[in-house]
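Trainee: this is the structure alone, sequence omitted:
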């Protein structure tokens, strides 16, 4: 869900640098890595399907990635997109047709895998049992001029945002029909979303600096302004205690929490310079894990104490710990996704620049 359009240009450079020096590992035995078969595919988002396998989409190739957690087998499936990306006129000729800039994948409650298609403004449905791909056109060609949005499974269909379209959509599981809900605040920039325990569809308004709630039963909205400390709310994928929703705030280097019963908020700021939290998830103990774009670490907050914990990934860091961890990692692995899988008590994550998926056994 990262929102810097300069990221694509740096992928090849970062990938060529990564791994060029000796590797310094900490807790290395807890980490396992799964390199992608397609070079420079850049895995972005990931999730667990109802079949227990890990699924990822790719930022710079038209692939759905499947990993068997038990055997480690990795497969890639081509996405038969129908449309060219909207920014095709400015992309180098050698990557035209390959780059969708997609970074959303979620499991439907019907057993299928749903993935957004970035700037193509299409949605992909992958059936793991048949390997069949269905590509839906959203009907809103300007819905994602920037390529990042999010999705979350509902009971009857998959909800997804279109950030520049200022809408929340619902794909019906049975018919693939799309219902659209217009966010009331103009140019709000809806990005992350989650179906919370109260049945509401809660979402971040990245540009309006609000948290919104859609009532699916009647289509009404309620919005909650956020303090400046939580500017640019981004990805919201964690709920605790049946009342707290957690989200990342990229611009302020923070993790936010909103109480769905009262609307009150709390800010937890990562003290590391430009760590840039991207996605979040919650483990079985209620800890809030989050990824960081510029730090080669896995990170979590213990809500009961507010304490931050960081776990160094076994990757090259040319800073050598200079500044006590204040400086960004060089080169950064560009961690985007972070996802808790309870069946093996592990944190799964993507390293976009290193072109691989990782697993950390808690």
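Mentor: Great, that's in hand. Here the structure is a predicted model, which means the values were calculated and not measured.
Trainee: switch to C-alpha atoms for all contacts and neighbour counts from now on
Mentor: OK.
Trainee: and stretch 49-62, what's buried?
Mentor: Residues 49, 53, 54, 55, 56, 57, 58, 59, 60, 61, 62 are the ones in stretch 49-62 that count as buried (16 or more other C-alpha atoms under 10 Å).
Trainee: do the same with stretch 184-199
Mentor: Neighbour-count burial for stretch 184-199 [16+ other C-alpha under 10 Å]: 185, 187, 188, 189, 190, 191, 192, 193, 194, 195, 196.
Trainee: now those residues in CSV, with pLDDT?
Mentor: Below are those laid out as CSV (pLDDT from 0 to 100):
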residue, pLDDT
185, 99
187, 96
188, 98
189, 96
190, 97
191, 96
192, 98
193, 98
194, 99
195, 99
196, 99
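Trainee: ok, so of those residues, who is nearest residue 247?
Mentor: residue 192 (8.2 Å; C-alpha to C-alpha).
Trainee: counting neighbours, what do you get for the closest residue to the closest one other than its chain neighbours?
Mentor: Nearest-residue entry for residue 192: residue 235, 4.2 Å, with adjacent residues in sequence omitted and distances by C-alpha to C-alpha, 6 or more residues apart in numbering. Other residues near residue 235 come to 31 when the count uses other C-alpha atoms under 10 Å.
Trainee: residue 235 contacts residue 277, correct?
Mentor: No: using C-alpha atoms under 8 Å, residue 235 is not in contact with residue 277; the gap is 9.2 Å.
Trainee: low-confidence stretches in the stretch 251-362 of the chain?
Mentor: Applying pLDDT under 70 to the stretch 251-362 of the chain flags the ranges 315-325.
Trainee: what does the stretch 1-150 of the chain give?
Mentor: 1-26, 82-100, 118-119, 145-147.
Trainee: quick one: the helices in it?
Mentor: 7-17 (DSSP state H, counting those that start in this stretch).
Trainee: strands of that one, residue ranges please.
Mentor: 31-35, 43-48, 54-58, 63-67, 74-78, 105-107, 113-116, 122-127, 132-137 (DSSP state E, counting those that start in this stretch).
Trainee: which one of the ones you listed lies closest to residue 250?
Mentor: The nearest among these, by C-alpha to C-alpha, is strand 43-48 at 16.4 Å.
Trainee: residue 284 against residue 342, yeah?
Mentor: Yes: between residue 284 and residue 342 there is a contact at 6.9 Å, judged by C-alpha under 8 Å.
Trainee: okay if I get the strands of the stretch 1-150 of the chain as JSON lines plus distance to residue 221?
Mentor: Formatted as JSON lines, those follow (distance: least, C-alpha to C-alpha, whole Å):
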{"stretch": "strand 31-35", "distance to residue 221": "41"}
{"stretch": "strand 43-48", "distance to residue 221": "27"}
{"stretch": "strand 54-58", "distance to residue 221": "30"}
{"stretch": "strand 63-67", "distance to residue 221": "33"}
{"stretch": "strand 74-78", "distance to residue 221": "37"}
{"stretch": "strand 105-107", "distance to residue 221": "24"}
{"stretch": "strand 113-116", "distance to residue 221": "24"}
{"stretch": "strand 122-127", "distance to residue 221": "24"}
{"stretch": "strand 132-137", "distance to residue 221": "25"}
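Trainee: and residue 309, which of those strands is closest to it?
Mentor: Closest among these, once you apply C-alpha to C-alpha, is strand 31-35, at 16.8 Å.
Trainee: contacts for the closest one next, please.
Mentor: 72, 74, 313, 314, 355, 356, 357, 358, 359, 360, 361 (C-alpha atoms under 8 Å, 6 or more residues apart in numbering).
Trainee: neighbour-wise, which of the residues you listed leads?
Mentor: residue 357 (27 neighbours).
Trainee: contacts only, for that residue.
Mentor: 33, 34, 35, 36, 43, 348, 349, 350, 351.
Trainee: so what's it closest to, chain neighbours aside?
Mentor: Nearest to residue 357 is residue 350, by C-alpha to C-alpha, 6+ apart, at 4.5 Å.
Trainee: chain center to the one helix or strand that neighbour maps to, what's the gap?
Mentor: Secondary structure from DSSP states H and E places residue 350 in strand 346-351. The chain centroid and the centroid of strand 346-351 are separated by 11 Å under C-alpha atoms, centre = their mean, to the nearest Å.
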